[in-house]
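[1] 3D, please:
(one chain, ligands or ions: 1)
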Amino acid sequence: MKSKNLLSTLGSIAAASMVIRTIVNDFLPPQVMNYFSCKLENLSHHFTSQITIVIEEFRGLAVNQVFEAVDIYLGSKTAAPSIQRVKVGKSEKDNKLALSMDRGGILVDVFEKVEMKWQLVCSPVDSVPSRNQNNGGDLNSSLRSEVRRYELSFHKRNKDLVIDSYLPYVLERAKLMTEEKKMINLHTVVYGRWDVEEIKLKHPMTFNTLAMDSELKRAVMVDLQHFTNGEEYYKRVGKAWKRGYLLYGPPGTGKSSLIAAMANYLKYDIYDLDLTDLQNRESETESDGNQGDNQVTLSRLLNCIDGLWSCCGEERIIIFTTNHKERLDPALVRPGRMDMHIHMSYCNVSIFKQLAFNYFGIGNDGVFEQIERMLEEVNVSPAEVAGELMKKNWNREAAFQGLLQFLHEKKERHLKCEEEILIVPPFAESPQFPSSQSNRGRWRSGRRGRGRRRVRDGVAAHASICQRSGSTNVMETNCREHVVAELDCCVAFDVNAHSAPNMGFEGLKNM
Ligand SMILES: Nc1ncnc2c1ncn2[C@@H]1O[C@H](COP(=O)(O)OP(=O)(O)OP(=O)(O)O)[C@@H](O)[C@H]1O
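    Alright, predicted model coming up:
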């Protein structure tokens, strides 16, 4: 009997509330309704201990960067037990899958022992947005079928922690994760302009696999870290956020490899300029009697470097490589243009051991002593050593014996060569005198038609400009008192696979 009464009371209450709701909806204007709902909300806030921060997807027409960062950050937390649905995607620019929360998902993150409850809320958007519709300034909402927002709820007492520490932490983590995922692009100049299509640089060289003096390697890594973390410092001292590196040493000692390792370490894109081609184009122009406008002068090059760096906001590194540092113009190598000079040396014992470890995973072997003795007597590049070790990479013993034999033969060749040099002028154009083992050292005669100047193993062949974004700018100058082609330091050619085939000063200007 009692339960029957209770049921009928509940039924009456439900019916009455429906009638009241209908009357309120039909007769009260929306403004009054909004007023009352706000009041009710405020009242409930008074009693609740929770605060909610809302992060909408758009701010006006632009994507809200905090939303993006939260999306990335929470994507790394999708293993949390509270998550039941996960979205997976990947764009061409990513090298990993991107995970993110699906709509309605709830995720609890813990930061400094405080629980942070995240929820992805999606609300449908009316097809015709009303004037009074409160969409938080999100103009995109009128173009979309739904608007998304993250809601972060936490206890009131942790408000400062969330604003001052947690959200900045989320932004920082998201930035790091984006960098980790980022593929490095290699840009070259084609027909006087930066290529439109990006080439993904998948060079596997890292500081772990690069064989060089370990102290020097550490110094380079520390220097790069200081540079990338130095935005505030550069601002404070009033300097453009830029750093120049000069890599010098004989062919095959790892200069290009070091550039790849640096780019992989920093996740910077590479803008590769083959200065040799600039020079070759000039030679052609000169022989056509068209000397002048397109010439690369030292001062123009310097202005390009300085202008490029000075005009752009982001951090930038420029790396020059050369086989002959001593021939470079002092103006080019002074601090501020080339701040750190890194010598890539012939193979010594330490470099050999690193290579042996890379190729065979060992730090010592019976034959090492003989090899190390030979390395003190004969100059071989790490590229030559690596080449010998690869020849028989399935048989460690045979590979090291092969290397030993190669070292003996090279020593003999060297002694024989020294004798012959006594009777033949060293700069005679003769196939007997290749200047190095690498392509760079070969004589290059008339390779691209008649009238071409012959150039020899040289310097300043290569400039790689590494930067985070694609925005570049260059100042121009009319000054051309030093033609680079006439300087010793720029008689060069480079046969790296990634050098641009047709490049002129326009390429520099268009950076
Ligand atoms: N220091 C090194 N550590 C590991 N591998 C190396 C090193 N130096 C050279 N090599 C190997 O030799 C190859 C050629 O080296 P790299 O192109 O980096 O030399 P380089 O100094 O730039 O030569 P060049 O002056 O002729 O341009 C690399 O692909 C790599 O396999």
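[2] does L375 count as helix, strand or coil?
    Assigned state for L375: helix (three-state reduction, DSSP: H, G, I helix; E, B strand; the rest coil).
[3] Show me which residues of the chain sit near the ligand.
    210-212, 251-257, 323, 344, 382-383, 386, 438, 440 (CB under 6 Å from any ligand atom). Yep, even glycine has a C-beta here, placed from its N, CA and C like the rest.
[4] Sort out which residues of stretch 334-346 are buried, please.
    R337, M338, D339, M340, I342, M344, S345, Y346 (16 or more other CB atoms under 10 Å).
[5] Residues touching it, excluding its own?
    In this structure, residues lying in contact with stretch 334-346 by CB atoms under 8 Å, 6 or more residues apart in numbering are 212-213, 216, 220, 223, 243-250, 253-255, 258, 302, 305-306, 318, 320, 325, 331-333, 351, 379-382.
[6] switch to 7 Å and redo it
    With contact meaning CB atoms under 7 Å, 6 or more residues apart in numbering, stretch 334-346 is reached by 212, 216, 220, 223, 243-250, 253-255, 258, 302, 305, 320, 332, 379-381.
[7] Give me the buried subset of those residues.
    Buried members of the contacts of stretch 334-346, counted by 16+ other CB under 10 Å: 212, 220, 243-250, 253-255, 258, 302, 305, 320, 332, 380-381.
[8] In strands only, show me these.
    Within the buried ones among the contacts of stretch 334-346, residues falling in strands by DSSP state E are R243, G244, Y245, L246, L247, Y248, F320.
[9] min pLDDT across those, which one?
    Scanning these for pLDDT, the low point is F320. It has 82.
[10] There's contact between that one and I259 in this structure, I believe.
    No. Shown here, F320 and I259 do not form a contact pair, counting by CB atoms under 7 Å, at 10.2 Å.
[11] Who is the nearest residue to G105 once chain neighbours are set aside paired with across the strands?
    Nearest residue to G105 in three dimensions, chain neighbours excluded: L120, at 5.2 Å (CB to CB, 6 or more residues apart in numbering). L120 has these beta-bridge partners by DSSP bridges: Y150.
[12] Would you check that L120 makes contact with S100?
    No. Contact criterion CB under 7 Å: L120 and S100 do not qualify, at 8.4 Å.
[13] Neighbour count: those two, which is higher?
    The residue with more neighbours, out of L120 and S100, is L120; 21 against 18, by other CB atoms under 10 Å.
[14] Let me know the pLDDT of the more buried one.
    Reported pLDDT for L120: 90.
[15] One more: N34?
    At N34, pLDDT is 70.
[16] Number the residues from 329 up from this point.
    From this message on, residue numbering opens at 329, which makes the last subject N362.
[17] How about the secondary structure of it?
    helix.
[18] Now do it against the ligand, distance only.
    Look at N362 and the ligand: by CB to the nearest ligand atom, to the nearest Å, they are 68 Å apart.
[19] neighbours around that residue, how many?
    Look at N362: counted by other CB under 10 Å, it has 12 neighbours.
[20] Equivalent analysis for the one 3 residues further on, please.
    Burial of S365 is recorded as 10 neighbouring residues (other CB under 10 Å).
[21] Now this protein against the ligand: closest residue?
    Going by CB to the nearest ligand atom, the ligand is nearest to G582 of the chain, at 2.8 Å.
[22] about what we covered before: in ChimeraX, how would I select the buried members of the residues of the chain next to the ligand?
    Burial among the residues of the chain next to the ligand is assessed by 16+ other CB under 10 Å; the matching ChimeraX selection reads:
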select :538,539,540,579,580,581,582,583,584,585,651,672,710,711,714,766,768
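[23] Inside helices: which ones of the residues of the chain next to the ligand?
    Per DSSP state H, helices hold the following members of the residues of the chain next to the ligand: K583, S584, S585, P710, A711, A714.
[24] before we move on, back to that, tell me the spacing between the residue nearest to G433 and Q359.
    31 Å (CB to CB, to the nearest Å).
[25] what's the answer for F535, then?
    65 Å.
[26] same deal with N721?
    Counting by CB to CB, the gap from N721 to Q359 is 79 Å.
[27] cool, and P578?
    From P578 to Q359 the distance is 81 Å (CB to CB).
[28] Tell me where the model's unsure across the stretch 429-578 of the chain.
    Within the stretch 429-578 of the chain, the stretches with pLDDT under 70 are 454-472, 517, 520, 522.
[29] hmm, 90 instead?
    By pLDDT under 90, the low-scoring segments of the stretch 429-578 of the chain are 429-435, 450-476, 484, 503-532, 555-560, 562-563, 566-575.
[30] For it, which segments are assigned as helices?
    487-488, 495-509, 542-556, 559-565 (DSSP state H, counting those that start in this stretch).
[31] Show me the contact partners of the last one.
    Read it as helix 559-565. Against helix 559-565 from outside (CB under 7 Å, 6+ apart): W569, E643.
[32] Repeat that for the second one.
    Contacts with helix 495-509, where a contact means CB under 7 Å, 6+ apart, come from A397, V398, I400, Y401, S404, D422, N423, K424, F439, K595.
[33] Export the residues you listed as JSON lines, with columns for neighbour count and secondary structure.
    Listed next are the contacts of helix 495-509 as JSON lines, based on neighbours: other CB atoms under 10 Å; DSSP: H, G, I helix; E, B strand; the rest coil:
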{"residue": "A397", "neighbour count": "20", "secondary structure": "helix"}
{"residue": "V398", "neighbour count": "23", "secondary structure": "helix"}
{"residue": "I400", "neighbour count": "21", "secondary structure": "helix"}
{"residue": "Y401", "neighbour count": "23", "secondary structure": "helix"}
{"residue": "S404", "neighbour count": "13", "secondary structure": "coil"}
{"residue": "D422", "neighbour count": "13", "secondary structure": "strand"}
{"residue": "N423", "neighbour count": "13", "secondary structure": "coil"}
{"residue": "K424", "neighbour count": "11", "secondary structure": "coil"}
{"residue": "F439", "neighbour count": "16", "secondary structure": "strand"}
{"residue": "K595", "neighbour count": "17", "secondary structure": "coil"}
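[34] Break this structure into its domains for me.
    Listed by the TED database, the domain ranges of the chain are 377-452+473-509, 512-609+624-748+813-838.
[35] most neighbours per residue, which of these?
    Neighbour counts (mean count of other CB atoms under 10 Å) averaged over each of those peak at domain 512-609+624-748+813-838, with a mean of 18.
[36] For burial, what's the neighbour tally of S340?
    10.
[37] Point me to the helix or strand that includes it.
    helix 330-355 (DSSP states H and E).
[38] pLDDT on that helix, on average?
    Averaged across helix 330-355, pLDDT comes to 72.
[39] same thing with stretch 714-725?
    For stretch 714-725, the per-residue pLDDT averages 90.
[40] List of residues touching that stretch?
    By CB under 7 Å, 6+ apart, stretch 714-725 touches L683, Y687, F688, A726, A727, G730, L731, F734.
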